[in-house]
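Peer 1: Pasting the sequence and the predicted coordinates here, then a few questions.
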Amino acid sequence: MIFVDAVSGYRCIFSHVPAIREEEADADQIIAPYIMEEDVHKYAKDVRKKQIDKQYLLKKPDDEVLETSLVYLPIFKVVIESNEVDGTFYINAITGEHEKYLSERWNDGKDLME
């Protein structure tokens, strides 16, 4: 499974398909994607070229796109202002892990393709 973050353009390979479920969210809680569905294929080709193909010296494996879907990752935005800590933190609501790496990429857009 290839993951493409539709806000930053960051892309990678997932070893398994994560659990997905439908939830209601207010429109003001959703960040609009920069990458539209028609552009996802060029990002997937980039992952294929730079990440998957490099793992194979000879014959590359065959692949096909079975499905693409826009799925929102639930993130908690936590703002802390205190004497010890002052900052904004993004926490993955599924894993509880800090999304520091990805949140930095949301702001700089360096993973976006033209």
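Peer 2: Looks like it came in fine. Numbers count the residues shown, from 1 in each chain.
Peer 1: any idea where the helices of the protein begin and end?
Peer 2: Along the chain, counting by DSSP state H, helices occupy 40-47, 100-108.
Peer 1: which one of those is the most hemmed in?
Peer 2: With neighbours defined as mean count of other CB atoms under 10 Å, those peak in mean count at helix 40-47, which reaches a mean of 16. C-beta coordinates here come from the backbone N, C-alpha and C atoms, glycine included.
Peer 1: could I get the helices of the chain as JSON lines with mean pLDDT and distance to Asp26?
Peer 2: What follows is the helices of the chain, written out as JSON lines (pLDDT from 0 to 100; distance: least, CB to CB, whole Å):
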{"stretch": "helix 40-47", "mean pLDDT": "90", "distance to Asp26": "25"}
{"stretch": "helix 100-108", "mean pLDDT": "85", "distance to Asp26": "20"}
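Peer 1: Of the ones you listed, which is nearest Glu24?
Peer 2: Closest to Glu24 of those is helix 100-108 (CB to CB; 23.2 Å).
Peer 1: by contact count, what packs against that closest one?
Peer 2: strand 86-92 (3 or more CB pairs under 8 Å, 6 or more residues apart in numbering; DSSP states H and E).
Peer 1: quick one: contacts of the strand it packs on?
Peer 2: Taking CB atoms under 8 Å, 6 or more residues apart in numbering as the criterion, the residues outside strand 86-92 that touch it are 73-80, 97-100, 102-103.
Peer 1: For the closest residue to Ile30 other than its chain neighbours, give its distance to Phe3.
Peer 2: Nearest residue to Ile30 in three dimensions, chain neighbours excluded: Tyr72, at 6.3 Å (CB to CB, 6 or more residues apart in numbering). Separation of Tyr72 from Phe3 (CB to CB, to the nearest Å): 13 Å.
Peer 1: Same check on Tyr90?
Peer 2: Going from Tyr90 to Phe3 by CB to CB gives 17 Å.
Peer 1: more crowded one of these two?
Peer 2: Tyr90 (18 against 15; other CB atoms under 10 Å).
Peer 1: Can you name the residues bridging to Gly4?
Peer 2: Quick fix: residue 4 reads Val, not Gly. Arg11 (DSSP bridges).
Peer 1: ok, it touching Asp46?
Peer 2: No. Using CB atoms under 8 Å as the test, Val4 is too far from Asp46 to be in contact (9.0 Å).
Peer 1: Noted, bye for now.
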